[in-house]
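Undergrad: The following comprises the amino acid sequence and a computationally predicted model.
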Amino acid sequence: MTNLDTAPPPVIAPPPRPPTVDRRPSALPVLLCAVFMIVLDFFAVNVALPSIQARLHASSSAIEWVVAGYGLTFAVMIITGGRLGDLLGRRRVFSVGLGLFTVASALCGLAPNPTLLVIARLIQGLGGALISPNVLSIIGVSYAGPARVRAITFYGMVMGLAAAGGQLIGGILIQANLFGWGWRTVFLINVPVGLIASAFAPRRIFESRAQGRIRLDVTGTTLITLGLTALVLPLVEGTQLHWPTWTWGSLALAPLLFAAFASHERRTTRRGGMPLFDPVLFRRRTLLSGLVIQLVFWCGQASFFLVFALYLQSGRGLDALDAGLVFSILAVAYLATSFRAPSLTLRFGRALIATGAVILAAGDGALLVTVAHLGVSGSVWLLAPGLVLVGAGMGLCITPLTSTVLSHADPERAGAVSGALSTMQQVGNALGVAVTGAIFFGSLAGGYAHAFELSVAELGGLLLSVAALSRLLPERSVTR
C-alpha cells in the first residue's frame, strides 16, 4: 500500500560483521518501533484530513501539502540518509532521524495553523528519510544467517501491519478523542513511542560505518530538490490561485533542473565520485523501465487514499472511525494477496504485475460506477466489491514490482537500485497527490461524488499504463 512506505528502503551493502560478538539485547524492537511509526503516520493521517481542514480552516492546497510534503522531503533525502549513515555511523543517523521525527510529530500535534503543520510534516519526512535506509543497514550488520532472515521477516510484517491498519488505527485514535485532542492524537501518539525508542537506541544498537571512502552528493541533492519543488509546488497551488504566471514558469523550469541534475550525475561518475543516482540505472532497459513503472504506479496510491478519505468523510459525513472501518476492507484484501505475491512472482513474473494493475484499475472502475449511482448517499458497504479489487491489486503489484527489478540488478548495484526504487515511490506519492488533488479540488463545484469519480477515472488510466509498461520488464524474476 502507500507509506506509502511499503516498498523496501535502500539496502546498503553491510561491511563484514564485527569479529567480537555484541552481547547487548536485540536491537530489533527499537528498529521496528521506528519503522511502525513512519509507516503508520503516512496512512493514519488520511482519516484525519477532513478534521484538520475543518478545525484549522485549511485550504485545499494545505491539505495536499500535509500528504505531499511528507513524501517530497522523504524522496529527496532517502539516499543521502543512507550515505550519511555509512559516513557518520548508522546508529547515530538513525537516532537523529528518530529524534527529528518525534519532535516533528509533537509540532504537528500542536500546530495552531496549517502553515506550521505543513512545515512540521516536511520535517517528519526528513526524519523518516534518515530512519528508513539505516534500519535495514543496521539489521544487516547486527544479524547473520537465520537470525537475519527472521529479522527481515519481522520487518516486513510490521510494515504490512502498519500500512494495512493505518486508517483504522487513525480512526480509533480520533474517535477516542483522548484529552480532547481529536485529530492531534494521530501525531502526538508518536511522541512517547519515539522517546522510548530513542532512550533504548544507544543501549540496543551498536555503531557501524561503511568501509571505504564515502562522499555526499550535495549538488545532486540540491538540484533534485529544486526540480521536484518546481514541479510539485505549482501543481498543488495552481488550482486555488487560478494558475498565475509564476506557476507556468515553475513548471517550465522543472525540466531544466532535472536536465542539470542528470548532467551533474554523469560528470560526477566520470570523475570517480559517488552520484546520488548511478547513471547506469538509466542506461539499462530493465532498470529504467522498473523505475518508470514504480513512479507511475505510486502516483496513484497516496492520491487514492487522500481523495477516498475526503469522499467518505467530507462527502458522506462518516466519522473517522467509520471511515477507517471502510478502509479496512481494502486492507484485508491487500494482506490476503500480498502474502501470496512472492511465490506467484517466481511463477508468473511480469504477468503478475500486469494482472495486479488491471485488477486495481477494475476496482477503480467499480468504485466509479458505484459512486456515480449512489452519489453521497446509500449504503457505504456497496463500495466493498471495488475496495476488495483495489486492495487485491495493490497486493499483487507492490512486492512483485520491487523484487522483479531488484532481481535483475547486479549485486554491487542492488543498494543503488533499491534506493532509486524507494525514491521513485516517494516522488510518485508527492507528484500523484499534486496531480490528482488538482483534479479533485478543481471539480468540487460539482460535489464530492463528481470530484471522486473524475479522480478515480484518472487513477484507473494510470494503472492501465502500468499494465502496458510492465511488458518492458523481463518475463521472469531471477532467483538469487
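TA: All right, it came through fine. Residues are numbered from 1 along each chain as shown.

Undergrad: contacts, neighbours, all on C-alpha from now
TA: Will do.

Undergrad: So, low pLDDT: which residues of the stretch 201-350 of the chain?
TA: Nowhere does the stretch 201-350 of the chain drop to pLDDT under 70.

Undergrad: the helices in it, which residues?
TA: 218-241, 245-270, 285-298, 302-310, 320-338, 341-348, 350-374 (DSSP state H, counting those that start in this stretch).

Undergrad: Out of those, which is closest to residue 420?
TA: helix 285-298 (7.3 Å; C-alpha to C-alpha).

Undergrad: what distance separates that closest one from the middle of the whole chain?
TA: 15 Å (C-alpha atoms, centre = their mean, to the nearest Å).

Undergrad: for stretch 137-150, same thing?
TA: Using C-alpha atoms, centre = their mean, the offset of stretch 137-150 from its chain centre is 24 Å.

Undergrad: repeat for stretch 258-276
TA: For stretch 258-276, the distance to the chain centre is 26 Å (C-alpha atoms, centre = their mean).

Undergrad: Give me the residues contacting that stretch.
TA: Under the contact criterion C-alpha atoms under 8 Å, 6 or more residues apart in numbering, stretch 258-276 has outside partners 79-80, 214-217, 219-221, 223-224, 227, 277-279.

Undergrad: do stretch 366-385 as well
TA: By C-alpha under 8 Å, 6+ apart, stretch 366-385 touches 311, 315-316, 326, 329, 363, 386-387, 448-450, 452-453, 456-457.

Undergrad: before we move on, the earlier item: will you turn the helices of the stretch 201-350 of the chain into TSV that also has mean neighbour count?
TA: Listed next are those as TSV, based on neighbours: other C-alpha atoms under 10 Å:
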stretch	mean neighbour count
helix 218-241	20
helix 245-270	16
helix 285-298	22
helix 302-310	24
helix 320-338	22
helix 341-348	17
helix 350-374	22
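
Undergrad: Of all those helices, which one is nearest residue 189?
TA: helix 320-338 (16.3 Å).

Undergrad: among the helices of the stretch 201-350 of the chain, which is nearest residue 143?
TA: Closest among the helices of the stretch 201-350 of the chain, using C-alpha to C-alpha: helix 341-348, at 22.9 Å.

Undergrad: just to revisit the earlier point, of all pairs in the contacts of stretch 258-276, which one is the farthest apart?
TA: 214 and 227 (24.9 Å).

Undergrad: Would you confirm that residue 125 contacts residue 72?
TA: Yes: judged on C-alpha atoms under 8 Å, residue 125 makes contact with residue 72 at a distance of 7.3 Å.

Undergrad: which of the two has more neighbours?
TA: residue 125 (30 against 26; other C-alpha atoms under 10 Å).

Undergrad: Could you check how far that one is from residue 420?
TA: 17 Å (C-alpha to C-alpha, to the nearest Å).

Undergrad: what's the answer for residue 380, then?
TA: 39 Å.

Undergrad: Comparing the two, which residue is more hemmed in?
TA: Neighbour count, other C-alpha under 10 Å: between residue 380 and residue 420, residue 420 has more, with 24 against 17.

Undergrad: Make CSV out of the helices of the stretch 201-350 of the chain and add distance to residue 87.
TA: Output for these, formatted as CSV (distance: least, C-alpha to C-alpha, whole Å):
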stretch, distance to residue 87
helix 218-241, 14
helix 245-270, 18
helix 285-298, 27
helix 302-310, 32
helix 320-338, 35
helix 341-348, 34
helix 350-374, 37
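
Undergrad: Compare these and report which one is nearest to residue 442.
TA: Here helix 218-241 is closest among the helices of the stretch 201-350 of the chain (C-alpha to C-alpha), at 6.1 Å.

Undergrad: orientation of the closest one relative to helix 245-270 in degrees?
TA: Per axes from the mean of the first three to the mean of the last three C-alpha atoms, to 10 degrees, the angle that helix 218-241 makes with helix 245-270 is 160 degrees.
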